[in-house]
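S.K.: From the sequence below, what's the structure:
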Amino acid sequence: MSHTVTALYDSREEAARALQSLKTGVSLAHADIYDRSNASLQALRRLDLTPEERKACEDKLQTGDYLLLAQSRSGEGPDTIIAVLERVAAEPSGESHSRAPSEATATIPSSPSVIAEERIPVVEEELRIGTREVVRGGARVRTRVEEVPVAQEIELMSEFVRVASRAASRPVSEQELEGGGLLRDRVIEITQVKEEAVVSKEVFVREEVVVSKTTERRVEQIHETVRRTVVETEDLGDEVAGGRGQP
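M.R.: Numbering: from 1, shown residues only. Model prediction:
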């Protein structure tokens, strides 16, 4: 945690002398001089201060000309800064217009003021629950082709040529002789035909296997713990540890 210490001065020279002493003797996170000019006030507003701290600084500038603001590094206390500023205020400045610390109580506090103590963040965890897809089983459908013997009867036709002679005795007319070419060489062919089985295959859909899936929603109760900061305060009464005496 860092601490912010402020002190008021009548002149910029006195404020600059205190600032130089701080920069040479103390490890600081930030230190600078501010006045009531618009540019200086804008720079003051850009500092990492709480609204209460910023208002306190602006109120101090209403009663003094120059405000020295110093911020300690995180984890370091303000005691070293306060000790340096008190030592500078007690030393004579050597300039005619500077006033001794005892005479400047209207604008220079008897000791620098700490306007920001330790900041204790109060944090709390929030439970955030999301979803992710996880493959849990399923179904696999595999097809294969198998051969099944099939027997089926078919009737086939076959022709057979038979040559036979038989006795005959009848006269042949001239017209039949010439028209039929009975006295000429002839070739007579008679074919015989038989049927053979011709096998072809046609595919039919006999059944369909449908693969599908459905989605259902369910509510599941999630039990978890979250952490948060609990701030407990204790009244110490009039007990003061390590107090600094005032003249």
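S.K.: show me the contacts for residue 237.
M.R.: Shown in contact with residue 237 (C-beta atoms under 8 Å, 6 or more residues apart in numbering): no residues. Placement of C-beta: from N, CA and C, glycine included.
S.K.: where does it land on pLDDT?
M.R.: Per-residue confidence (pLDDT) for residue 237: 71.
S.K.: Name the SS class of it, please.
M.R.: coil (DSSP: H, G, I helix; E, B strand; the rest coil).
S.K.: if I look at it, how far off is residue 120?
M.R.: Shown here: residue 237 relative to residue 120, a distance of 21 Å by C-beta to C-beta, to the nearest Å.
S.K.: where exactly do the helices run in the chain?
M.R.: According to DSSP state H, the chain carries its helices in the segments 12-25, 38-45, 51-61, 79-90, 174-180.
S.K.: nearest to residue 166, of the ones you listed?
M.R.: Minimum separation from residue 166 across the helices of the chain (C-beta to C-beta) falls at helix 174-180, 17.9 Å.
S.K.: buried residues in that closest one?
M.R.: Buried residues in helix 174-180, counted by 16 or more other C-beta atoms under 10 Å: none are found.
S.K.: avg pLDDT for that helix?
M.R.: 82.
S.K.: what about the closest residue to residue 157 other than its chain neighbours, how many residues close to it?
M.R.: Spatially, and ignoring its direct neighbours in sequence, residue 157 is nearest to residue 195 (4.6 Å; C-beta to C-beta, 6 or more residues apart in numbering). Other residues near residue 195 come to 11 when the count uses other C-beta atoms under 10 Å.
S.K.: May I ask you to confirm that residue 195 is in contact with residue 156?
M.R.: Yes. Using C-beta atoms under 8 Å, residue 195 makes contact with residue 156 at a distance of 4.2 Å.
S.K.: still on that earlier bit, contacts only, for the residue nearest to residue 157.
M.R.: Contacts of residue 195 by C-beta under 8 Å, 6+ apart are 156-158.
S.K.: Using TSV, lay out the residues you listed together with neighbour count.
M.R.: Below are the contacts of residue 195 laid out as TSV (neighbours: other C-beta atoms under 10 Å):
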residue	neighbour count
156	8
157	7
158	9
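S.K.: Filter those residues down to the ones in strands?
M.R.: Assignment to strands by DSSP state E places none of the contacts of residue 195 there.
S.K.: Nearest to residue 227 among the residues you listed?
M.R.: Comparing these against residue 227 with C-beta to C-beta places residue 156 closest, at 93.1 Å.
S.K.: Now do the contacts for that closest one.
M.R.: Contacts of residue 156 were listed using C-beta under 8 Å, 6+ apart, and they are 194-197.
S.K.: Which members of the residues you listed are classed as buried?
M.R.: Of the contacts of residue 156, not one counts as buried by 16+ other C-beta under 10 Å.
S.K.: before we move on, the earlier item: quickly note the distance from the residue nearest to residue 157 to residue 159.
M.R.: 9 Å.
S.K.: What of residue 60?
M.R.: 133 Å.
S.K.: want to try a markdown table for the helices of the chain, with distance to residue 139 as columns?
M.R.: Shown next, in a markdown table, are the helices of the chain (distance: least, C-beta to C-beta, whole Å):
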| stretch | distance to residue 139 |
| --- | --- |
| helix 12-25 | 77 |
| helix 38-45 | 68 |
| helix 51-61 | 64 |
| helix 79-90 | 75 |
| helix 174-180 | 83 |
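S.K.: Of those helices, give the one that comes closest to residue 212.
M.R.: It is, among the helices of the chain and with distance given as C-beta to C-beta, helix 51-61, at 62.6 Å.
S.K.: What residues of the closest one count as buried?
M.R.: Result for helix 51-61 [16+ other C-beta under 10 Å]: buried residues 53-54, 56-57, 60-61.
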